[in-house]
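S.K.: Sequence first, then the predicted structure, then my questions.
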Amino acid sequence: MFGRLGRRRSETLSARADDQTERKAAEDDVLCLLRAIETAAAEVYGRHGLPQSPGHYRRPADSDAWEPLGDALSPAEKWALINGAPEGARWRYAAHEALGAHSDFPAVRQASALLAACHGLRQRLTQTATITPQDLADSIRLGEAWRRLVEDAIYDQATLGPLHFLPPDES
């Protein structure tokens, strides 16, 4: 009788370990896909002159280039940078995923939205909270948007040359 109880406990522990191993493998797969999506979105950023590396950036009033800020800045230091800008200056501060949110190019705005969605999903996954139906819906939308981004990159105007019209053949 005691042997059978001991066996069930070890089977239960083994099943829990298998479940944890499967969950870890699934999380690794999801994180790998998130990295692939972030890489594709960063490539769009790069084609349009935006930084490709995650982090926080600032753009001074006298420049169009984004400068990286140290990741070790405290929230108080970040607010000091924002509040220290002259009144009416074009100085701007943003996280990597928000840099392209107001771009004139739809592909850059889409890349920015993808980066923001990846960032949010990654945070929820690392908090070990239960996955909600909204998380699943976001994941599906993220996959669809990534597919469109990759397909559109093939036809991106920045990579194609100008059109050449030739006169019709006079035969």
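M.R.: In hand now; what should we look at?

S.K.: ok, the spatially closest residue to Ala98 that is not a sequence neighbour - contacts?
M.R.: Once flanking residues are discounted, Ala98 sits nearest to Ser112: 6.4 Å by Cβ to Cβ, 6 or more residues apart in numbering. Where C-beta positions appear, they are placed from N, C-alpha and C, glycine not excepted. Contacts for Ser112 (Cβ atoms under 8 Å, 6 or more residues apart in numbering) come out as Ala41, Glu97, Ala98, Leu99, Gly100, Ala101, Ser103.

S.K.: Just the buried subset of the residues you listed, please.
M.R.: Ala41, Glu97, Ala98, Leu99, Gly100, Ser103 (16 or more other Cβ atoms under 10 Å).

S.K.: In this model Ala111 seems to touch the third one, though I could be wrong.
M.R.: So the one you mean is Ala98. No: under the criterion of Cβ atoms under 8 Å, Ala98 is not in contact with Ala111, lying 11.3 Å apart.

S.K.: Okay, and which of the contacts of Ser112 map to helices?
M.R.: Judged by DSSP state H, the contacts of Ser112 include Ala41 as members of helices.

S.K.: Could you single out the nearest of the contacts of Ser112 to Asn83?
M.R.: Proximity of the contacts of Ser112 to Asn83 (Cβ to Cβ) peaks at Ala98, which lies at 18.7 Å.
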